[in-house]
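Engineer: The following comprises the amino acid sequence and a computationally predicted model.
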There are 2 protein chains.
Amino acid sequence: MKDVAKATGVSVMTVSRAFKRDASVSADTRDLIRKTAEEMGYVFDTTASNLRSQRSGFIAVTIPSINNANFADTVGALSERLAEVGLQVLLGYTNYDIQQEEHLVEQLLRRRPEAIVVTGGRHTVRTRRLLSNAGIPVVETWDLPETPIGHVVGFSNAATMLALVDHLVNQGFTRIAFIGGDTGGDTRGADRRRGYIAAMQQHKLDASRLVGAGQPPISMCEGAVAMGKLLDQMPDTEAVICVSDLSAFGALTECMRRGVSVPDQMAIAGFGAYEIAAISVPTITTVNPFPRDIGRQTAELIISELASDSQTTEKVIEIKPQVTLGQSTAKPR
Amino acid sequence: MKDVAKATGVSVMTVSRAFKRDASVSADTRDLIRKTAEEMGYVFDTTASNLRSQRSGFIAVTIPSINNANFADTVGALSERLAEVGLQVLLGYTNYDIQQEEHLVEQLLRRRPEAIVVTGGRHTVRTRRLLSNAGIPVVETWDLPETPIGHVVGFSNAATMLALVDHLVNQGFTRIAFIGGDTGGDTRGADRRRGYIAAMQQHKLDASRLVGAGQPPISMCEGAVAMGKLLDQMPDTEAVICVSDLSAFGALTECMRRGVSVPDQMAIAGFGAYEIAAISVPTITTVNPFPRDIGRQTAELIISELASDSQTTEKVIEIKPQVTLGQSTAKPR
DNA sequence: GATAACGTTGGTCACGATAACAACACCAAA
DNA sequence: TTTGGTGTTGTTATCGTGACCAACGTTATC
């Protein structure tokens, strides 16, 4: 900046102002400075700017895995909206592990983000303390925690399962199984499994048809393996809810390989409204948690929080997921 | 840090050292300082550290879209390896647009990354200049550019198509179509389309069965629509190569809906070795570009470049993609 | 013509950490 | 006792920018 100032014949301060949006510099001076800087190959240094202004322009975000279309959608929508106001997402992955999350949160906070978004509502004690003490807006997403740390933009994973069970029961199914949610790592998957059990009990149905799918991320292959177990061990099962659409599709392919007709011999439902659910043959009944909405609303929340200088009260924005019917749970003839 | 120093009764410098790995502080002092800092809720500020030490710990990475399992795999492997040496990935999305890439690269360089990884080998003139002038290692991935800016970890998209066409011709197919790669945005898709044309000409076959799939990202739905067009307009086509596995699967579902048997009436091949290719019924012939290898090798390259103080020569690491045979291109009876 | 107000520009210092160097205590070997 | 080495700690100056205040020339107002 000093070199640019010298080359342009102005002070360093004026160069600084030329790179800020609403600073008071004459248009001529600004253009000249910018042109000179470009020619000299000067690139503005936000590191120093951040230190001096105590504003990093970062919004920290943690997701379990980058390789998940749902979380990717949320982060995508979040990034797009935040970019419009000059904020940049600083992304980290927890691998579905709250210990790794703790370490990640600490790393992210060192970068002095202006707000932090975490996926899920279960954290270590230290993570909660770190987030509370950070002095920045905290948003928990993809969940409705019992005792939120700060703001919440999420939905009840358990409640979505009630909606699915209701649908299956309405279609005439009673022997309904659940695949996934068996490990502690995927807390949202475990919530869905609990939701399935509660919903079945509410309908006075047997909720013991549980098939594990192993460690998250649960992909198509795990779904296929789990469906194999289900068909082997509980062949009279009429319908199955899978922890996600990917496992549901895997389960569907296993049925196809074994000549089990879907939905006539086995109805299948998933979760997440992935593209595969809408295009597979048959289409798969699923639940849309509107991941992009979660991202967009989180962005709006953060933007308004950063704009208001006063400490506002914590908000809980509940997303209402929607069941999308597919051919995979049509009424058997 | 000053407060922690006061509370512990040491100098600020000693506190600083207590937070560095290999700094010389007595174990007792370090433990005391860390414990005190934790109790006081102090979180290390990397912003200031970066400014003074002129090391940000950031590796900038641009990918076309976050919502793509292949790029996600590359970034995942890259992040994991870099995290081991204390480097953090700063990720940005170009939306398959080299203008947006230019803007993104400028934004990222302002954060003073220690190296920058870009996906693809085609950039605006200004992007090339920015990258060249940045004075940090530059790695282009997922491509083999004719005139690289710096290092390269990639493969020839065109060559993979030759391998696929060879395979299809060996299976006895001659009327082979190509879906996708019709827009300028997806430069890798366009490269594959060119590769298809060259390979067909090499076999002295008609390379005019081209079906567009629109703007990237090309997903399953676009594949299905394109297959519909292909079946309508060129019903004598025997086989089709799709720009990606997602579009290939979409094309497969369209065949299923229309009662077109795969592979007997229509053989289908994709690209990317997505999980769907391995699990769908039938399984889909595809090409594995080893995305995690790209990420891992890029990480190793960066780590070694940052370790060597001298300016080393630019390296080109060529990944050799591998054709994975599926049932979707089995020899027709 | 005097005064105030405005837009623009410059000078100074601090943001929170670290590089570089200095200095100290301690111990082993000469 | 002296010397030199080792390990640990402290002091000073600074990284590149922006907040703050001061000052300039110009114009509006009375």
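Structural biologist: That came through fine.
Engineer: And the helices in chain A?
Structural biologist: Ranges of helices within chain A are A:2-8, A:12-18, A:27-40, A:46-53, A:69-84, A:98-110, A:125-133, A:157-170, A:187-202, A:220-233, A:245-258, A:275-279, A:291-307, based on DSSP state H.
Engineer: For DNA strand D, what's the nearest residue on the stretch 51-200 of chain A?
Structural biologist: A:Arg52 (3.4 Å; C-beta to the nearest atom of the strand). Backbone N, C-alpha and C define where each C-beta goes, glycine included.
Engineer: Neighbours of that residue, how many?
Structural biologist: 11 (other C-beta atoms under 10 Å in any protein chain shown).
Engineer: go on, A:Glu238?
Structural biologist: By other C-beta under 10 Å, the residues close to A:Glu238 number 18.
Engineer: Burial-wise, tell me which of the helices of chain A comes out on top.
Structural biologist: helix A:245-258 (a mean of 26; mean count of other C-beta atoms under 10 Å in any protein chain shown).
Engineer: Excluding sequence neighbours, find me the nearest residue to the closest residue to DNA strand C within the stretch 151-300 of chain A.
Structural biologist: Going by C-beta to the nearest atom of the strand, DNA strand C is nearest to A:His151 of the stretch 151-300 of chain A, at 25.1 Å. Using C-beta to C-beta, 6 or more residues apart in numbering or on different chains and skipping the chain neighbours, the partner closest in space to A:His151 is A:Val139 (4.6 Å).
Engineer: likewise A:Ile279?
Structural biologist: A:Ile279's closest residue in space is B:Met220 (C-beta to C-beta, 6+ apart), at 4.7 Å.
Engineer: And that neighbour, how far from B:Phe19?
Structural biologist: 49 Å (C-beta to C-beta, to the nearest Å).
Engineer: do the same with A:Gly185
Structural biologist: From A:Gly185 to B:Phe19 the distance is 30 Å (C-beta to C-beta).
Engineer: With A:Ile241 instead?
Structural biologist: A:Ile241 is 48 Å from B:Phe19, where distance means C-beta to C-beta.
Engineer: Neighbour count: the two, which is higher?
Structural biologist: Remark: of A:Ile241 and B:Phe19, A:Ile241 carries more neighbours, 33 against 18, as counted by other C-beta under 10 Å.
Engineer: and that one, what are its bridge partners?
Structural biologist: Beta-bridge partners recorded for A:Ile241 (DSSP bridges): A:Phe178, A:Ala269.
Engineer: contacting residues around A:Asn288?
Structural biologist: With contact taken as C-beta atoms under 8 Å, 6 or more residues apart in numbering or on different chains, A:Asn288 is in contact with A:Gly272, A:Ala273, A:Pro321, A:Gln322, A:Val323, A:Thr324.
Engineer: Tell me the one of the residues you listed nearest B:Gly214?
Structural biologist: A:Ala273 (21.6 Å; C-beta to C-beta).
Engineer: my guess is A:Met220 contacts A:Leu252, does it?
Structural biologist: No. Using C-beta atoms under 8 Å, A:Met220 makes no contact with A:Leu252, being 9.2 Å away.
Engineer: check contacts around A:Thr298.
Structural biologist: A:Thr74, A:Leu78, A:Val117, A:Val139, A:Thr141, A:Val153.
Engineer: Tell me how many other residues crowd the closest residue to A:Ala330 other than its chain neighbours.
Structural biologist: Among residues not flanking A:Ala330 along the chain, A:Pro263 sits closest, at 5.0 Å (C-beta to C-beta, 6+ apart). By other C-beta under 10 Å, the residues close to A:Pro263 number 25.
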